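Participant: what follows is a predicted protein model with its sequence.
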Amino acid sequence: MEVIVFLVPLALLLGLFGLLGFLWSLKNGQYDDLEGAAWRAISDDDQTPAPRRVELRSESQP
Amino acid sequence: MQATRDFSHYVKHLGSGLAHIDLAVEGVGCASCISKIERGLSAIPDVTLARVNLTDRRVALEWKEGALDPARFIDRLAELGYKAYPFEAVTAEAVEAENSRFLLRCLGVAAFATMNVMMLSIPVWSGNVSDMLPEQREFFHWISALIALPAAAYAGQPFFRSAFNALRTGNVNMDVPISIGVILALATSIVETIGHAEHAYFDAAIMLLTFLLIGRYLDQNMRRRTRAVAGNLAALKAETATKFVGPDEISVVPAAAVMAGDIVLLRPGERSAIDGTVVDGRSEIDQSLITGETLHAAVEPGSEVYAGSLNISGSLRIRVSAASEGTLLAEIQRLLDHAVQVRSRYVQLADRASRLYAPVVHATAFLTMIGWLIAGASVHNAIITAIAVLIITCPCALGLAIPTVQTVASGAMFRAGVLLNSGDAIERVAEVDRIIFDKTGTLTLPELDVVNAAAVPADVFDLAGRLALASHHPVAAALARAAGAKSPLPGITEQPGQGVRGILKGEEVRLGSPTFCKADDLANEILSRDPEASVVAFARGEKRYVFAVCQSLRPDARAVIAALRKRGVAVEIVSGDREPAVRAAAEMLQIPEWRAGVTPADKIARIEELKRQGFKVMMVGDGLNDAPSLAAAHVSMSPISAAHLSQATADLVFLGNRLAPVIAAVDHSRKALRLMRQNLYLAVGYNFLAVPIAILGFVTPLIAAAAMSGSSILVMLNALRARPVPQENL
C-alpha cells in the first residue's frame, strides 16, 4: 500500500495540469463565445482550404 | 447621402501598426453567417483579423493602419446584408464581463478541488467501514487539507467579500451563513485532523462552494448577455451628429465623439443626439420623447434643445452643452436624484430569508452544544456536534434557490423580448398590482404612422410615398415609411415650408400642406374627426387626397391592457401630453383612469399617493420626463426606443413594437416568484430532516456531502420549471 504515497500526489499533479489548462483557456478567451464555438465545430470549411493555408503562411513569415 | 463618416473615435491603436475596432452586427444568428462575414471581411486587403462573436453578436476587426477607412467594413457588411455599427463598451458592461470571468475562474478552481478531494474522501468513507489504517486515513486528510484550504481561500472570495461587506454595514445576507459554514467546516476539519480524529469535512466545504459558484456564474452570465444585447441595440441606433469642423465645413461624427462646446448642425427631420443651446436659426421641434408633449415647440437662438428632440422645419446650429450621455433638464435631474435616494431599499427575498435563517441556525447550533454539555458530553464532542449542525445547515440549497430561478426566468424573458437591468426586478414585478403607463412613445409607437391608409387607393399611396422621399419633413418621412417607398421620383423640387412638387407623365404632382395642394376642405374634414392628427395632402392633376398622420397606438395595446386587467392588475395613464390626446388614447384603450398635462413632479406625487394606499406600482414610460417617476415606482419598465436616461433608470427594457412584453414580464415574474418560494421551502424542509440527525451527533462527512448535493440538485431541477410559461395570443 506504500505505493499510494506517490500515486496520490501523481494523480493530483495530473489534475493540476488540467486546472492550469482550464485557466489558460479562460485567459485565452476561449469561453467568450460559446455559441459561436458550437457552430464553428460543424461549419463546413472544405470550400476554402486554400485561403486558410495562405493565412497561416503569411502569419509565420514576419 | 453618407457624407464623410468619421469613426476614428472607435478605433483602438494596438501599436506595431495595427488598429482594432469592435462592431455590433444585427442579424447574425447561424454558422453560415460566421463564415460569410469572416470571409467577406478578410477579403479586404490589409485586414489581419476578422472574428465573429456569435454570443454577443459582434465582430472584432484588426487591420494594418494606413489607407483603410473603418467605414469600409460597415459598407462591406451592408453588402453582405448585415447592419453594423462601431461599438464601444460602456463601463457597466466591462465590469460585468470581468466579474463573469472571475467567477468562472473561481468555479474552475473549486471544481478541480472538489473532484480531487472526493477522490480522497471516497476511499476514507469506504475505509471507515472496512480496514483502512488510521495512518492512511490521516495521510488522505492532510492531502485533502492541502487541496481544500488554498482552493477555498481563492474560490470563496465572492462569498467572503459579500459577507464582509454586509456585516460591516450591519446587515446579514445569505453569504454570511455560507461563509461561517465554510470557514467553520474547514477549521474543525484541521483541528480534527491534527487530533487524529475519524471525521473531516474538507469535501463538504469545497463542494458547497462549487455548487454555489455554479449558481452565481449562471446568474452573472445571463446578466452579462443581457447587457451585451442592450449595448448592441444602443450602438445600432447609430446616433450621429453633424459637427462643424471649420467655419463652413461639416463632418458627420458619432454622437459619442461630440464634445461640450462643439457646434453641430441640426437639419429638418433629424433627431438631436446631444443637449445644447441654439446659436443660430429658428425652427419648430418635437419634444415628445422628452416631455411627452406632442405639440411642437418653437425654438430660436438661446433656446435649449435636448437629446431626442426632432427638428421639424428649419436648420439649427446648436452649441453642445454636454456630451451625448449624462445631460438633461436641471429639474428632472433634481427630481431623479431625490427619487433614487428615497427609493425605499427593497429587501430581496434571499436577504429576507437569510435574516430569518441565520439567527435560527446559529441559535440551534448553540443550543445543541449546551444540550450536549448538560447531557454530560465532553467539551470537545459538544463543540464538534454543534459545528456539525452548522455544516449540515449551511445554506447551500438556500443560496442556490433564488439565483437559479432568476437565471432561468431571465433567460425566458430575454426570449420574450424583455431585458433585465437589475436582477431583483423579477421579484418586484411579480408583486405589481397597478401599472401606470405613459402615453407618448409607450402606449403609442415612437414613430409617426399613417392612420387612414385604407381610405386611399394603393397606387396613390405608393406614388405619394415615393414623392415623400424628396422631403425631410417628419410627416413626409412617416408617409414614405408607411408606403414602403424605396425609389424617389426624379425632378422633384421642394418649396420650403410648403411641400414638394414635380411633373409625372405630364401631370403635376404635389405633396405638402393642404393649402399647397388646395385640399383644405378634405383636411378640415379629417381634422374635425381627429384633432390630434397631422395632415399631409397629395394632389395629382385634379385629384386630391389627404393622409392623416399621428402616433398610432401599439398594435396590441388594447389586448395587453385587457389581459393585464384579467390578471388583476389595475391600469392607468399618466401623461405629460395635452388632454384631448390623452383622452382619445384612454377611450380607445378603455382605460377609465387617466391624467393629462402632468409634470414630472406630479407624476411622482401620483406614484407616492398610490404607494401610500398600499399599491405596488409599476411605471412604464419612455420620456426623459418619466425618468424620475421610473426611479420612484416599485418597479419600472421602458421601451428600447426610450431616452438614454429613462432606459438606464428602468429595471426592465422591452424590445419591439408590441406591448406584449409587459404581459410576458408579469407572467414570467409571477411564476418565478412562486418557484423561488417553493425552492426556499424545499431547501428549508431538507434542513428540517437533516438537523435532528446532526443534533443527535450522527452526522458523518458522508451524510453531510449527500445532504448537500441532494438538496442542491433538487433545487436546481425545480428552477428549470421557470422556463415555460403558457403563451396567450394577443
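Facilitator: Nice, thanks for sending it over. Numbering: from 1, shown residues only, chains lettered A, B, ... in the order given.

Participant: from here on, just use CA atoms for contacts and neighbour counts.
Facilitator: Will do.

Participant: right, and residue B:120 touches residue B:142 too?
Facilitator: No - counting by C-alpha atoms under 8 Å, residue B:120 stays clear of residue B:142, with 10.1 Å between them.

Participant: now chain B against chain A: closest residue?
Facilitator: residue B:54 (4.7 Å; C-alpha to the nearest C-alpha).

Participant: model confidence at the spatially closest residue to that residue that is not a sequence neighbour, what's the number?
Facilitator: Excluding the flanking residues, the one nearest residue B:54 by C-alpha to C-alpha, 6 or more residues apart in numbering or on different chains is residue A:36, at 4.7 Å. On the pLDDT scale, residue A:36 is placed at 82.

Participant: tell me which helix or strand residue A:36 sits in.
Facilitator: helix A:34-42 (DSSP states H and E).

Participant: and that helix, which residues are buried?
Facilitator: A:35, A:36, A:37, A:39, A:40 (16 or more other C-alpha atoms under 10 Å in any protein chain shown).

Participant: flag every residue of chain A that's near chain B.
Facilitator: Within chain A, the positions near chain B by C-alpha under 8 Å from any C-alpha of the partner chain are A:12, A:15-16, A:19, A:22-23, A:26, A:32-36, A:39-40, A:42-43.

Participant: confidence-wise, which helix or strand of chain B is lowest on average?
Facilitator: helix B:330-342 (a mean of 62; mean pLDDT, DSSP states H and E).

Participant: after it, which helix or strand is next?
Facilitator: helix B:349-374.

Participant: buried ones in that next one?
Facilitator: B:349-350, B:353-355, B:357-358, B:361-362, B:364-366, B:368-370, B:372-373.

Participant: any regions of the chain where pLDDT drops low?
Facilitator: No chain was given, so I picked chain A. Residue ranges of chain A with pLDDT under 70: A:1, A:44-62.

Participant: to clarify, I was referring to chain B.
Facilitator: For chain B (pLDDT under 70), the answer is B:1-5, B:89-90, B:238, B:292, B:322-347, B:423, B:725-730.

Participant: how about the residues of chain B near chain A?
Facilitator: Close to chain A, as judged by C-alpha under 8 Å from any C-alpha, chain B has residues B:30-32, B:34, B:52-56, B:101, B:105, B:108-109, B:112, B:116.

Participant: closest one to residue B:400 out of those, please.
Facilitator: Ranked by distance to residue B:400 (C-alpha to C-alpha), the residues of chain B next to chain A are led by residue B:108 at 17.9 Å.

Participant: can you say which helix or strand has that closest one in it?
Facilitator: Here residue B:108 is assigned to helix B:91-129, by DSSP H and E.

Participant: which secondary structure elements does that helix contact?
Facilitator: In terms of contacts (3 or more C-alpha pairs under 8 Å, 6 or more residues apart in numbering or on different chains; DSSP states H and E), helix B:91-129 is packed against helix A:4-27, helix B:134-155, helix B:202-236.

Participant: list the buried residues for it?
Facilitator: In helix B:91-129, counting by 16+ other C-alpha under 10 Å, buried: B:93, B:96-97, B:99-121, B:124-125.

Participant: can you pull out the residues in contact with stretch B:218-228?
Facilitator: Residues outside stretch B:218-228 that contact it (C-alpha atoms under 8 Å, 6 or more residues apart in numbering or on different chains): B:55-56, B:93, B:96-97, B:99-100, B:403-404, B:406-407, B:410-411, B:414, B:419-421, B:423.

Participant: residue B:276 in helix, strand or coil?
Facilitator: strand (DSSP: H, G, I helix; E, B strand; the rest coil).

Participant: which residues touch it?
Facilitator: B:304, B:305, B:306, B:318, B:319, B:320, B:321, B:322.

Participant: got it, and residue B:481?
Facilitator: Counted by C-alpha under 8 Å, 6+ apart, residue B:481 has contacts residue B:465.

Participant: secondary structure class for it?
Facilitator: Recorded secondary structure, residue B:481: helix (three-state DSSP).

Participant: for residue B:468, see how far away it is.
Facilitator: 9 Å (C-alpha to C-alpha, to the nearest Å).

Participant: check residue B:280 too.
Facilitator: Counting by C-alpha to C-alpha - residue B:280 and residue B:468 are separated by 27 Å.

Participant: between these two, which has more neighbouring residues?
Facilitator: residue B:468 (32 against 15; other C-alpha atoms under 10 Å in any protein chain shown).

Participant: hmm, the more buried one is touching residue B:474, no?
Facilitator: No - using C-alpha under 8 Å, residue B:468 makes no contact with residue B:474, being 9.9 Å away.

Participant: you'd agree residue B:285 is in a strand?
Facilitator: Yes - looking at residue B:285 with three-state DSSP, it is inside a strand.

Participant: tell me the bridge partners for it.
Facilitator: residue B:297, residue B:311 (DSSP bridges).

Participant: check contacts around the residue of chain A found nearest chain B.
Facilitator: Of all residues in chain A, residue A:36 sits closest to chain B, at 4.7 Å by C-alpha to the nearest C-alpha. By C-alpha under 8 Å, 6+ apart, residue A:36 lies in contact with B:31, B:34, B:52, B:53, B:54, B:55.

Participant: can you say which of those are buried?
Facilitator: B:31, B:34, B:52, B:53, B:54, B:55.

Participant: surely the fifth one meets residue B:25?
Facilitator: Same thing as residue B:54. No - at 9.7 Å, residue B:54 does not count as touching residue B:25 under the criterion of C-alpha under 8 Å.

Participant: between the two, what contacts are shared?
Facilitator: With contacts defined as C-alpha under 8 Å, 6+ apart, no residue is shared by residue B:54 and residue B:25.

Participant: surely residue B:539 forms part of a strand?
Facilitator: Yes - per three-state DSSP, residue B:539 lies within a strand segment.

Participant: so how many other residues sit close to the residue nearest to it when sequence neighbours are not counted?
Facilitator: Counting by C-alpha to C-alpha, 6+ apart, residue B:539 lies nearest to residue B:510, which is 5.0 Å off, once chain neighbours are set aside. By other C-alpha under 10 Å, 27 other residues sit near residue B:510.

Participant: how distant is the helix or strand containing residue B:510 from the center of its chain?
Facilitator: Under the criterion of DSSP H and E, residue B:510 resides in strand B:507-512. How far strand B:507-512 lies from its chain's middle: 46 Å, per C-alpha atoms, centre = their mean, to the nearest Å.

Participant: who does the helix or strand just after that strand touch, helix- and strand-wise?
Facilitator: Sequence order places helix B:520-529 as the next helix or strand after strand B:507-512, per DSSP H and E. In terms of contacts (3+ C-alpha pairs under 8 Å, 6+ apart), helix B:520-529 is packed against strand B:534-540, strand B:543-550.

Participant: buried ones in helix B:520-529, by neighbour count?
Facilitator: For helix B:520-529, by 16+ other C-alpha under 10 Å, it's B:520, B:522, B:523, B:526.

Participant: now swap in stretch B:186-194 and tell me
Facilitator: Of all the residues in stretch B:186-194, those buried under the rule 16+ other C-alpha under 10 Å are B:186, B:187, B:188, B:189, B:190, B:192, B:193.

Participant: which outside residues touch it?
Facilitator: Under C-alpha under 8 Å, 6+ apart, the answer for stretch B:186-194 is B:138, B:141-142, B:145, B:149, B:198-202, B:205, B:384, B:387.

Participant: now those as CSV including neighbour count?
Facilitator: Shown next, in CSV, are these (neighbours: other C-alpha atoms under 10 Å in any protein chain shown):
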residue, neighbour count
B:138, 21
B:141, 29
B:142, 18
B:145, 21
B:149, 19
B:198, 17
B:199, 20
B:200, 28
B:201, 30
B:202, 31
B:205, 29
B:384, 18
B:387, 24
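
Participant: what backbone torsions are found at residue B:47?
Facilitator: Main-chain dihedrals, residue B:47, degrees, to the nearest 10: phi -80, psi 120.

Participant: state the distance from it to residue B:9.
Facilitator: From residue B:47 to residue B:9 the distance is 19 Å (C-alpha to C-alpha).

Participant: with residue B:652 instead?
Facilitator: With C-alpha to C-alpha as the criterion, residue B:652 and residue B:9 are 30 Å apart.

Participant: good, we can wrap up now.
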